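Enquirer: Sequence isn't available, so here's the structure alone:
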C-alpha cells in the first residue's frame, strides 16, 4: 500500500498558494499558484497524487488534515454530480474544475482517506505542510517552488526545464510551465463558446460573476440571469475566438479584446475578467458587429 500525506497552503487565504503530496524524501511533489485558497491547494495535492500514482497497482491511503477534502471526495461529490455540480441550495459548487478532475482520477482506483490532525507532529503531514508552505512562499516572492522528485523519480509537472535543455523529451516540455493568467482567461473565454458549457447552467454560473452584465451587439443590456437562461435554452454556437489583445488592468483583472468569427459574419468582442478564489470570472462583456 502507498501511504501519502496531501496538504495545501495559502498565504492570506486567498493569496499565494501551494500544495504538496509526500510519501518519503525520494517521492514527493509540490506546486502552486500566484493566487489561490487553502482548499484549492488541498484538492490539487490529492489530484496530483492520484495522477502520479495512476500507473501503480497498489492501493492508496491518503492522509489529509482537511475534512473538506475528505468529505468532498467521499461524501458530497456524488450528489453534486447528480445536481449538475450544484449544492443543495442551488448555488454552484466551488472549486468545480478541480473536483471534476478528481472525479475522473478516482475512477477505477482503490483509494482510502484518513483524517490526521494538522500541526500535531505527524511526520508525513508535517513534511507535506512544510513543502506546501514553501511553495506558497516561493510564489509570494515571485519565484517558482521546488517541484520535488515526483513518484519514482520522474520529472514533476511545473518543474522549470534546466537552461539548455530545449531538446528534452516532448512530455517534459509540455508540462514544464503552468498556464499564464492570459492563457487561463482565454481558455475560460473559449469555454463560453462551447455548446456543452453554454447548456450547463452550473458551469455558466461559475464563469459569470453575480454582477455580470453585457452590452450585446444589438444594443441590448443583458444581466446574468437572463443570459444564462437564454444560453441554456439555445446553447448552439459555431463561433471561433481570434485573440486581438489581452491587457492586465491590475493584478487580478484582465481585459480581453477578440474577434468572434462565425460563418458569414464576425463581431468584435471585449470582456473583463476578475480573478476570484474559485478562478477567473467574467464581470463585463460587449459585442459590436463588424461591417
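Expert: Perfect, thanks for sending it. Everything numeric in this text was worked out from a predicted model, so none of it was measured.
Enquirer: Report the buried residues of stretch 123-137.
Expert: By neighbour count on 16 or more other Cβ atoms under 10 Å, the buried set for stretch 123-137 is 124-129, 131-137. Just so you know, the C-beta spots here come from the backbone N, C-alpha and C atoms, and that holds for glycine as well.
Enquirer: contacts for it?
Expert: Residues outside stretch 123-137 that contact it (Cβ atoms under 8 Å, 6 or more residues apart in numbering): 3-11, 15-23, 28, 30-32, 41, 45, 63, 65, 116, 118-119, 145-146, 148.
Enquirer: quick revisit: got the buried residues of stretch 123-137 as CSV, with secondary structure, pLDDT and distance to residue 260 columns?
Expert: Converted to CSV, these look like this (DSSP: H, G, I helix; E, B strand; the rest coil; pLDDT from 0 to 100; distance: Cβ to Cβ, whole Å):
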residue, secondary structure, pLDDT, distance to residue 260
124, helix, 97, 50
125, helix, 96, 49
126, helix, 96, 51
127, helix, 97, 49
128, helix, 97, 44
129, helix, 96, 46
131, helix, 96, 43
132, helix, 96, 40
133, helix, 95, 43
134, helix, 96, 43
135, helix, 94, 38
136, helix, 93, 38
137, helix, 95, 41
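Enquirer: Packing partners of whichever strand or helix holds residue 23?
Expert: Using DSSP states H and E, residue 23 falls within strand 15-24. Judged by 3 or more Cβ pairs under 8 Å, 6 or more residues apart in numbering; DSSP states H and E, the packing partners of strand 15-24 are strand 2-10, strand 27-36, helix 38-52, helix 123-140.
Enquirer: need the ones you listed in CSV with distance to residue 287, can you?
Expert: Shown next, in CSV, are those (distance: least, Cβ to Cβ, whole Å):
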stretch, distance to residue 287
strand 2-10, 36
strand 27-36, 29
helix 38-52, 32
helix 123-140, 35
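Enquirer: what's the closest of these to residue 257?
Expert: Between residue 257 and the helices and strands packed on strand 15-24, the tightest spacing by Cβ to Cβ is seen for strand 27-36, at 23.0 Å.
Enquirer: I'd like the distance from the closest one to the chain centre, please.
Expert: Using Cα atoms, centre = their mean, to the nearest Å, the mean C-alpha position of strand 27-36 is found 12 Å from that of the whole chain.
Enquirer: Tell me what angle that strand forms with helix 123-140.
Expert: On the basis of axes from the mean of the first three to the mean of the last three Cα atoms, to 10 degrees, strand 27-36 is oriented at 40 degrees to helix 123-140.
Enquirer: same question for strand 27-36, mean pLDDT?
Expert: When pLDDT is averaged along strand 27-36, the result is 91.
Enquirer: on that earlier part again, could you say which one of the helices and strands packed on strand 15-24 comes nearest to residue 152?
Expert: Shortest separation from residue 152 across the helices and strands packed on strand 15-24 is recorded for strand 27-36, at 6.8 Å, computed as Cβ to Cβ.
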